[in-house]
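K.L.:
Sequence isn't available, so here's the structure alone:
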């Protein structure tokens, strides 16, 4: 599977003193679609345990669904966390569907999500510890802002 590029949208510099981390990171990820399906983007923010931003990134996904964009955000974020050297991940999503699918409580009915779901499960296995939990939309504002910024730049 080809590794997509992760971009930091224009004028959105990241506060990183040292580009590697040795402990736990908290990831906020989001995907969005203008239309469903429609133009879509994925965004994520990786923070350390002290709530400092280590990395912000995302990408334009193309014409797809919000769930596909959400999964892409998780994939990009986990790949970046591995690249940064994270050992423990706490993933926070505002998509209850994706949280429950990753936890195994919900079956994946959409076949288009199966391959990326399996790829993500493989990434998860590379961390010493991993948890995923649902957060309300207001606690995922930074990742949501990344999505909208990418979509706005694509439209502009």
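P.N.:
Perfect, thanks for sending it. No experiment lies behind these values; they were computed from the predicted model shown.

K.L.:
immediately after the lengthiest helix in the chain, which helix or strand?
P.N.:
Ranked by residue count under DSSP state H, the longest helix found in the chain is helix 66-84. Using DSSP states H and E, the helix or strand that follows helix 66-84 in sequence is strand 88-93.

K.L.:
Okay, buried residues for the following helix or strand past that next one please.
P.N.:
Following strand 88-93 in sequence order, the next helix or strand is helix 96-103 (DSSP H and E). Buried residues in helix 96-103, counted by 16 or more other CB atoms under 10 Å: 97-99, 101-102. Yep, even glycine has a C-beta here, placed from its N, CA and C like the rest.

K.L.:
how much does helix 96-103 deviate in direction from strand 88-93?
P.N.:
Put simply, helix 96-103 runs at 150 degrees to strand 88-93, going by axes from the mean of the first three to the mean of the last three CA atoms, to 10 degrees.

K.L.:
pLDDT added to the buried residues of helix 96-103, as JSON lines?
P.N.:
Shown next, in JSON lines, are these (pLDDT from 0 to 100):
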{"residue": "97", "pLDDT": "97"}
{"residue": "98", "pLDDT": "98"}
{"residue": "99", "pLDDT": "98"}
{"residue": "101", "pLDDT": "98"}
{"residue": "102", "pLDDT": "98"}
